[in-house]
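Novice: have a look at this prediction, sequence included:
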Amino acid sequence: MDMEQELRSRLEAVQARVAAAARRAGRDPAEVEIVAVSKTVPAERVAALARLGIRQFGENRVEEAEAKIPAVRALLGEDLAHRISWYLVGHLQSRKAARALELFDEVHSVDTARLAARLDRLTAAQGRRLPVLLEVNISGEATKYGLPAGSWPHDREQTEKLYAQIEAILSLPHLNVRGLMTVAPLTTDPEAVRPVFRRLRELRDALAGRWPGHALPVLSMGMSDDYEVAVEEGATMIRLGRAIFGPRL
Ligand SMILES: *Cc1c(COP(=O)(O)O)cnc(C)c1O
């Protein structure tokens, strides 16, 4: 099987599963966008997937993106390259923020108010507005990045702290906060992470109720092992690496 055929059959299988999960939840499958996470995947494979119609790509490291994004663009040619969006989905160190803004269209891993403020300053200098997602650490794992949700909404003090951070970020004039993102714990049982996805949606609903000017329509949650559960719980964006590209080398 050649590369294009192989990618197409994986992509079609994923799309069918997304559609079935959406229907189970009474949702329109068109509400769910697929972001192909292309970390460790060579530029040729990424370009082949773009030719199959995928338009949104995620990378988790600035260094890797630095080489790959221009390589993919060159393979695709200007017309198609212009229709592709690149999202940073991994932790961003402050000192790499300026470089990230040159490479990426959106940052989906804004995990501190401090990083948000820095991105806002850098974006102001470019005379644009940067679309972002706020990464929330729902599961509370110490190894995870994200604004800590703690035992939201049960611990009053923690909840006030979380809301204060989010309010500070929402007030930044050069960021457009489109919604929330989370990374669920690694598990072999997708049902085990259902409560994580459900809580992210409930948090989004609470925030949108508290700040009605911010609808926060995007919920980026679900990866290769758990995207169907995420779709059932309201994901509008799923981030898929292995399910589309195959095992990482
Ligand atoms: C790698 C990665 C993904 C995709 O992981 P798969 O399990 O291969 O689907 C999604 N989100 C983030 C933040 C990642 O780093």
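Specialist: Nice, thanks for sending it over. Residues are numbered from 1 along each chain as shown.

Novice: identify the residue of this protein closest to the ligand, quick one.
Specialist: Residue nearest to the ligand within the chain: residue 241 (2.5 Å; CB to the nearest ligand atom). Every C-beta, even on glycine, is put in place using the N, C-alpha and C of the backbone.

Novice: can you tell me which residues contact that residue?
Specialist: Contact analysis of residue 241 by CB atoms under 8 Å, 6 or more residues apart in numbering lists 36, 37, 38, 39, 41, 223, 224, 248.

Novice: and residue 231, its phi and psi?
Specialist: phi -60, psi -40 (degrees, to the nearest 10).

Novice: now name the helix or strand holding the closest residue to it other than its chain neighbours.
Specialist: Distances taken as CB to CB, 6 or more residues apart in numbering place residue 21 nearest to residue 231, at 4.0 Å, with adjacent residues excluded. Take DSSP states H and E as the rule and residue 21 turns out to sit in helix 3-24.

Novice: equivalent analysis for residue 120, please.
Specialist: helix 113-126.

Novice: for that helix, output the C-alpha coordinates as CSV.
Specialist: C-alpha atoms of helix 113-126 as CSV (Å, rounded to 0.1, in the frame of the first residue of the first chain):
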residue,chain,number,x,y,z
ALA,A,113,-1.4,34.0,33.2
ARG,A,114,2.3,35.0,32.8
LEU,A,115,2.7,33.3,29.5
ALA,A,116,-0.6,34.8,28.3
ALA,A,117,0.7,38.3,29.2
ARG,A,118,3.9,37.7,27.4
LEU,A,119,2.1,36.5,24.2
ASP,A,120,-0.2,39.5,24.5
ARG,A,121,2.7,41.9,24.5
LEU,A,122,4.5,40.2,21.6
THR,A,123,1.3,40.0,19.6
ALA,A,124,0.6,43.7,20.2
ALA,A,125,3.9,44.5,18.6
GLN,A,126,2.9,42.6,15.5
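
Novice: just the mean pLDDT for that helix, thanks.
Specialist: Helix 113-126 shows a mean pLDDT of 96.

Novice: starting at the chain centroid, how far to that helix?
Specialist: With CA atoms, centre = their mean, to the nearest Å as the basis, helix 113-126 stands 19 Å off its chain's centre.

Novice: ditto for stretch 35-49
Specialist: 16 Å.

Novice: can you tell me the distance between the two ends of that stretch?
Specialist: This stretch, stretch 35-49, spans 11 Å end to end (CA to CA, to the nearest Å).
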